[in-house]
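> what's the 3D shape of this:
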Amino acid sequence: MKISLIGCGCGSGTLTGEAAEAIRSADALIGAPRLLEQFPEAEKKIPAQAAKEIAAALSCLSCDEVCVLFSGDSGFYSGARLLIPLLPENSEWRVFPGISSLQLLAARLGEPWQNWRLCSAHGVDCDPVWEVCHGEKVFFLTGGKLGPAELCGLLTEAGLGLLSVVVGELLGCPEEQIHRGTAEAFSQMKLSPLSCMLAEAAPRRKRRTPGLPDAEFERTEKVPMTKQEVRATALAKLGVGPEDTCWDIGTGTGSVAVELALQTREVWAVERDWEALQTAARNREKHGAWNLHLKKGGAPEALEGLPKPDAVFIGGSGGQLEKIIEKIYDVNPKARICVSVIALETLQCALECLRKPGYETEVCQIAVSRSRPAGELTMMLAQNPVYLITGRPE
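Alright, predicted model coming up:
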């Protein structure tokens, strides 16, 4: 049996000539009902969509040539990749590409797409806030629970309501439309499930090594801030990566949370003081740390319901350090923890709390002196020493 895996493009008008010839010579077509309807002349049509369902249909056929139809391009988030391992061992198969909605939208806009960031929200989890934080336009295949309205709703919630967005609706069909607007406007619109979306890159500071200058953060007299050298060391001790989810407990001005957000996938920061939370929100916007989520409340209660962390920074515990560490361990015993303290008594408490569940601990003292003018001379002014206690699973 010869099996052709056909990328049908965006409607019959975008079908390649090679694919059209394969369909004309096929004894049977298999695919979603919407795709089969495009070929009324075909004598034998078998509706099937899931890879296992298609494989089962193929095993029951005894004809010479079969075409399996897929929307868009067979190599771009297509079900073809799932079907290939399930094809009969004695079959001869070939893949035919199609014109995807990505290509069609780029053509309609008159733009090249080679520098776009490509992702799918079609029936899979997708974090649009994280996707737009890479300095590139982002193309989204949409569908299922995440259509353009839902994706734009998430962008709006993150503070990106004014982000420019283009939606291609029913591309390749007579009803095709190209919509332009903001994420906030699209979050209120009802569009066809057969839509794709292009979002501008979110405004965001240029990526650099951790340890932003203190002067780049907004501060208030009553809200403490972790200083530059301590922030840089804390991120190094936590060893955060681009796919990590992080917690910042007792975020204060949000300086550590912002630095974490610029290096990782997402950060959840909790703070019980309203003034501190407002300051953190301004720093979040100033640095374009849109993947930073702020939550008012005291730990450990405020940690309930947050996504599982890979790394946790504790800048303030409100006297609840033991319960906070117990909560972290319950949620993810493999999470890396860094506690910042200035008092010797809290240092000892942190060590005991981390060792109790079995973490391997390390203490780092940071004693920084900074220069200041003294007339025509320069003198060094010592800062208060800070202790970073890290806990890693053994």
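> parallel or antiparallel, which strands does the strand or helix carrying Thr390 pair with?
Element membership for Thr390 (DSSP states H and E) is strand 386-393. Strand pairing for strand 386-393, determined by DSSP bridges: strand 336-341 (antiparallel), strand 359-366 (antiparallel).
> so the chain: which segments form each domain?
Under automatic domain parsing, the residue ranges defining each domain of the chain are 2-99, 102-199, 214-393.
> need the contact list for Ser12.
Contact partners of Ser12, counting by C-beta atoms under 8 Å, 6 or more residues apart in numbering, are Gln38, Phe39. The way it works is simple: take the backbone N, C-alpha and C, and place the C-beta from them, glycine included.
> so what's it scoring on pLDDT?
On pLDDT, Ser12 comes in at 75.
> distance check, it against Thr226.
Separation of Ser12 from Thr226 (C-beta to C-beta, to the nearest Å): 60 Å.
> also Leu198?
Leu198 is 38 Å from Thr226, by C-beta to C-beta.
> of the domains of the chain, which is nearest Arg205?
domain 214-393 (5.2 Å; C-beta to C-beta).
> quick revisit: most packed of the strands paired with strand 386-393?
By mean neighbour count, with neighbours taken as mean count of other C-beta atoms under 10 Å, strand 336-341 ranks first of the strands paired with strand 386-393 at a mean of 25.
> quick one: mean pLDDT over it.
Mean per-residue pLDDT for strand 336-341: 97.
> kindly export it (C-alpha atoms) in PDB.
The C-alpha coordinates for strand 336-341 follow below in PDB (Å, rounded to 0.1, in the frame of the first residue of the first chain):
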ATOM      1  CA  ARG A 336      16.600  24.900  45.200                       C
ATOM      2  CA  ILE A 337      16.300  27.500  48.000                       C
ATOM      3  CA  CYS A 338      18.300  30.600  48.900                       C
ATOM      4  CA  VAL A 339      17.500  32.500  52.100                       C
ATOM      5  CA  SER A 340      18.900  36.000  52.700                       C
ATOM      6  CA  VAL A 341      19.400  37.100  56.300                       C
END
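> what's the helix or strand following it packed up against?
On the C-terminal side of strand 336-341, the closest following helix or strand by DSSP H and E is helix 344-355. Packed against helix 344-355 by the contact rule (3 or more C-beta pairs under 8 Å, 6 or more residues apart in numbering; DSSP states H and E) you find helix 321-331, strand 336-341, strand 359-366, strand 386-393.
> can you add distance to Ala302 and give the ones you listed back as JSON lines?
Below are those laid out as JSON lines (distance: least, C-beta to C-beta, whole Å):
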{"stretch": "helix 321-331", "distance to Ala302": "10"}
{"stretch": "strand 336-341", "distance to Ala302": "17"}
{"stretch": "strand 359-366", "distance to Ala302": "22"}
{"stretch": "strand 386-393", "distance to Ala302": "20"}
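> right, and the ones you listed - which one's nearest Glu376?
Judged by C-beta to C-beta, the one of the helices and strands packed on helix 344-355 that comes nearest to Glu376 is strand 359-366, at 30.2 Å.
> packing partners for the helix or strand just after the closest one?
Per DSSP H and E, the first helix or strand lying C-terminal to strand 359-366 is strand 369-374. With contacts defined as 3+ C-beta pairs under 8 Å, 6+ apart, strand 369-374 has these neighbours: strand 377-382.
> check what pLDDT Cys126 gets.
Predicted confidence (pLDDT) for Cys126: 91.
> how near is it to Leu5?
Distance from Cys126 to Leu5, by C-beta to C-beta: 25 Å.
> quick one: the strand holding Thr390 to chain centroid distance?
Distance of strand 386-393 from its chain centroid, counting by C-alpha atoms, centre = their mean, to the nearest Å, is 28 Å.
> so which residues make contact with that strand?
Residues outside strand 386-393 that contact it (C-beta under 8 Å, 6+ apart) are 227, 230, 233-234, 237-238, 325, 333-342, 347, 350-351, 354, 358-366.
> quick one: mean pLDDT for that strand?
Mean per-residue pLDDT for strand 386-393: 95.
> nothing else from me, thank you.
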